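# Sharing a model that was predicted from the sequence below.
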Amino acid sequence: MADTLKDWITGTLGTQLAPQALVVVDESHLHAGHSGSRPEGETHFRVEIVSDAFEGKSRVERHRIVNGLLDEAFKRGLHALAVKAKAPSEAA
């Protein structure tokens, strides 16, 4: 198991989607005191990913793919996930 939730998210998306680009940012500190936040953090993340897996998929389909792969992260305490998913043909 990965040391941190961020590591686990990065590893899971990297393995499952073979992205050309992947950025995972822990934004938990921006949500301190909000619903779902915890003092130890790792509750709110932003993911930016470019993968062939998203080619021809709608925004909703892309989010479903990412959320489905990260189901275990939600069980581990992830509260909110912002996703920007693009196909390589859309990345500039």
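Perfect, thanks for sending it.

# Show me what the host helix or strand of K6 is in contact with.
Assigned by DSSP states H and E, K6 belongs to helix 5-17. With CB atoms under 8 Å, 6 or more residues apart in numbering as the test, helix 5-17 has contacts from 1-2, 19, 22, 24, 26, 42, 45, 47, 49, 51, 53, 65-66, 69-70, 72-73, 76-78. C-beta: built from backbone N, CA, C; applies to glycine.

# by contact count, what packs against the next helix or strand after it?
Moving toward the C-terminus from helix 5-17, the next helix or strand (DSSP H and E) is strand 21-26. Contacts defined by 3 or more CB pairs under 8 Å, 6 or more residues apart in numbering; DSSP states H and E place strand 21-26 against helix 5-17, strand 44-50.

# what mean pLDDT does the very next helix or strand once past the last one have?
Note on strand 44-50: by DSSP H and E, the next helix or strand toward the C-terminus is helix 59-69. For helix 59-69, mean pLDDT is 97.

# Now do helix 59-69 and strand 44-50, the angle between them.
Interaxial angle, helix 59-69 versus strand 44-50 (axes from the mean of the first three to the mean of the last three CA atoms, to 10 degrees): 120 degrees.

# Would you mark the buried spots in the helix or strand where E72 lies?
Per DSSP H and E, E72 falls inside helix 71-75. Residues A73 are the ones in helix 71-75 that count as buried (16 or more other CB atoms under 10 Å).

# just use 323 as the starting number from now, easier for me
In the new numbering, first residue 323, that becomes helix 393-397.

# Give me the contacts around that helix.
L327, W330, I331, T334, L403.

# Make CSV from the residues you listed and add neighbour count to it.
Rendered in CSV, the data for those read as follows (neighbours: other CB atoms under 10 Å):
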residue, neighbour count
L327, 21
W330, 19
I331, 25
T334, 18
L403, 19
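
# residue closest to the middle of this structure?
V369 (4.1 Å; CA atoms, centre = their mean).

# mind checking pLDDT for it?
Confidence for V369, expressed as pLDDT, is 97.

# Bridge partners for it, pull those for me.
With DSSP bridges applied, V369 shows beta-bridge pairing to V346, V405.

# That one contacts V346, doesn't it?
Yes: contact criterion CB atoms under 8 Å: V369 and V346 qualify, at 5.5 Å.
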